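Peer 1: quick one: sequence and predicted model below, then my questions.
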Amino acid sequence: MRARRSTTLTLVAIATLALGACGSPGSGGGEADPTSSGTSGLATCDPIAGEKLVVLEDDKGLQQADNIIPAVNKAAAEANPAVIELLDTVSAALDTEKLIELNKAVDIDRRTSSDVAEEFVSTEGLAAEDGAVGAGAPLVIGAANFSESATLAEIYAAVLRTGGYTVEVRTIGNRETYLPPLADGTLTAVPEYAATLTNFLNAQQNGADAESVASADVDETVAALTPLAEAAGLTVGAASPAQDQNAFAVTSEFAAEHDLTTLSDLAANCGGLVLAGPAECPERPFCQLGLEDTYGIEFADFQSYDFGLIGQAVRQGEAAIGLVLSSDGSLAADS
């Protein structure tokens, strides 16, 4: 996924999260851009306002697999094999629903990442079986400058501390900023996103025009990532089921009205849709173009919004469907 999603999910940070597929955020003016006149013969499905958003399953794999994955300095991993083992327990414990709840706790409930991390490690029973395996060895966990990354870094740190490591967490910045110190050993580990890291390293090593080797399949993506990471002086751990990637949401009322759970359901039941997204969405293969080409979804209008306002636009009935992030805290069941 991207140079991800400030330590609070501000609108700017949220926009950064979407850059991997949709570029920089739109103008936020909600300006209509007609894109279709309704030729499929399907009934027009007007927007339905509601408080709760639901993500429609990407059942045809439009989006690439941006699963959470630990990236570790290769030399540090070889010197401290328990580091990967402990971080892999975090991957196994996380899924997208839990990631949503972690983000809600920080971004909506306004708790600190460190408090949320400590609670998660305790609740999930992630404490190391051998509390002395680290023998006080110093480690530095890096975090990108958005809240989800900060929380994941604090979880990594909390788990490693239970193994007897002395751990510091540093917020570094974007991927271009934190990968060099990760490669040279200044940082020990960073929480990463499988497809985005794969694409970044592939472009770095094989040229900006190199064909993407990431896909919607997380196993295939990690298989492509592993040698790229090795060449960069990194080792990757196990990918988590938790994903933070572009997704498309409707109100729960809209989904119930049209009996929708997947994007294929939407394509089969609805035409003349209004889509909300960043200004670049109509030209991006993982946004409007992808929905049209992969699913055959028909849009009548496109509404351009700053990324952080898209969910609100869908909730208010200004658009039927909007681009969101799959781990957004506002998607929590009790939000």
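Peer 2: It's in.
Peer 1: show me where pLDDT drops low in the stretch 1-150 of the chain?
Peer 2: Low-confidence segments of the stretch 1-150 of the chain (pLDDT under 70): 1-40.
Peer 1: please redo it, this time with the cut-off set to 90
Peer 2: Applying pLDDT under 90 to the stretch 1-150 of the chain flags the ranges 1-42.
Peer 1: what do you get for the stretch 201-335 of the chain?
Peer 2: For the stretch 201-335 of the chain, the stretches with pLDDT under 90 are 333-335.
Peer 1: tell me where it has strands.
Peer 2: With strands called from DSSP state E, counting those that start in this stretch, the stretch 201-335 of the chain shows them at 234-236, 246-251, 273-277, 299-304, 321-325.
Peer 1: now these in CSV, with distance to Ala203 and mean neighbour count?
Peer 2: Every residue, glycine included, has its C-beta placed from N, CA and C. As requested, those are exported to CSV (distance: least, C-beta to C-beta, whole Å; neighbours: other C-beta atoms under 10 Å):
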stretch, distance to Ala203, mean neighbour count
strand 234-236, 15, 23
strand 246-251, 19, 25
strand 273-277, 24, 27
strand 299-304, 28, 21
strand 321-325, 22, 27
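Peer 1: got a markdown table for these, with distance to Val169 too?
Peer 2: Below are the strands of the stretch 201-335 of the chain laid out as a markdown table (distance: least, C-beta to C-beta, whole Å):
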| stretch | distance to Val169 |
| --- | --- |
| strand 234-236 | 19 |
| strand 246-251 | 27 |
| strand 273-277 | 33 |
| strand 299-304 | 37 |
| strand 321-325 | 23 |
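Peer 1: between the ones you listed, which gets nearest to Ala117?
Peer 2: strand 321-325 (20.0 Å; C-beta to C-beta).
Peer 1: just the CA trace of the closest one, in CSV.
Peer 2: C-alpha atoms of strand 321-325 as CSV (Å, rounded to 0.1, in the frame of the first residue of the first chain):
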residue,chain,number,x,y,z
ILE,A,321,-20.3,4.4,-2.9
GLY,A,322,-16.9,5.8,-1.9
LEU,A,323,-13.3,5.0,-1.7
VAL,A,324,-12.2,4.3,1.9
LEU,A,325,-9.3,2.5,3.7
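Peer 1: what pairs with that strand, parallel or antiparallel?
Peer 2: Strand 321-325 pairs in its sheet with strand 246-251 (antiparallel), strand 273-277 (parallel), by DSSP bridges.
Peer 1: who touches it?
Peer 2: 5, 14, 17-18, 22, 53, 55-56, 244-250, 254, 266, 273-278, 281, 287, 305, 307, 310-311, 313-314, 331 (C-beta atoms under 8 Å, 6 or more residues apart in numbering).
Peer 1: give me that answer again for 6 Å
Peer 2: 17, 247-250, 275-277, 310-311, 314 (C-beta atoms under 6 Å, 6 or more residues apart in numbering).
Peer 1: okay, these in JSON lines with distance to Lys104 next?
Peer 2: Compiled in JSON lines, these are given as follows (distance: C-beta to C-beta, whole Å):
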{"residue": "Leu17", "distance to Lys104": "16"}
{"residue": "Ala247", "distance to Lys104": "16"}
{"residue": "Phe248", "distance to Lys104": "20"}
{"residue": "Ala249", "distance to Lys104": "15"}
{"residue": "Val250", "distance to Lys104": "20"}
{"residue": "Leu275", "distance to Lys104": "25"}
{"residue": "Ala276", "distance to Lys104": "22"}
{"residue": "Gly277", "distance to Lys104": "23"}
{"residue": "Ile310", "distance to Lys104": "18"}
{"residue": "Gly311", "distance to Lys104": "13"}
{"residue": "Val314", "distance to Lys104": "18"}
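Peer 1: of those residues, closest to Ala135?
Peer 2: Nearest member of the contacts of strand 321-325 to Ala135, counting by C-beta to C-beta, is Leu17, at 37.3 Å.
Peer 1: and the longest helix for the chain?
Peer 2: Determined from DSSP state H, the single longest helix within the chain is helix 147-162.
Peer 1: just checking, what packs against it?
Peer 2: When contacts are defined as 3 or more C-beta pairs under 6 Å, 6 or more residues apart in numbering; DSSP states H and E, helix 147-162 packs onto helix 81-93, helix 96-107, helix 113-123, strand 138-144, strand 166-173, strand 189-193.
Peer 1: would you convert the ones you listed into a markdown table that also reports mean neighbour count?
Peer 2: As requested, those are exported to a markdown table (neighbours: other C-beta atoms under 10 Å):
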| stretch | mean neighbour count |
| --- | --- |
| helix 81-93 | 20 |
| helix 96-107 | 22 |
| helix 113-123 | 18 |
| strand 138-144 | 23 |
| strand 166-173 | 16 |
| strand 189-193 | 30 |
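Peer 1: export the ones you listed to JSON lines and tack on distance to Gly237?
Peer 2: Conversion of the helices and strands packed on helix 147-162 to JSON lines gives the following (distance: least, C-beta to C-beta, whole Å):
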{"stretch": "helix 81-93", "distance to Gly237": "5"}
{"stretch": "helix 96-107", "distance to Gly237": "16"}
{"stretch": "helix 113-123", "distance to Gly237": "16"}
{"stretch": "strand 138-144", "distance to Gly237": "13"}
{"stretch": "strand 166-173", "distance to Gly237": "16"}
{"stretch": "strand 189-193", "distance to Gly237": "8"}
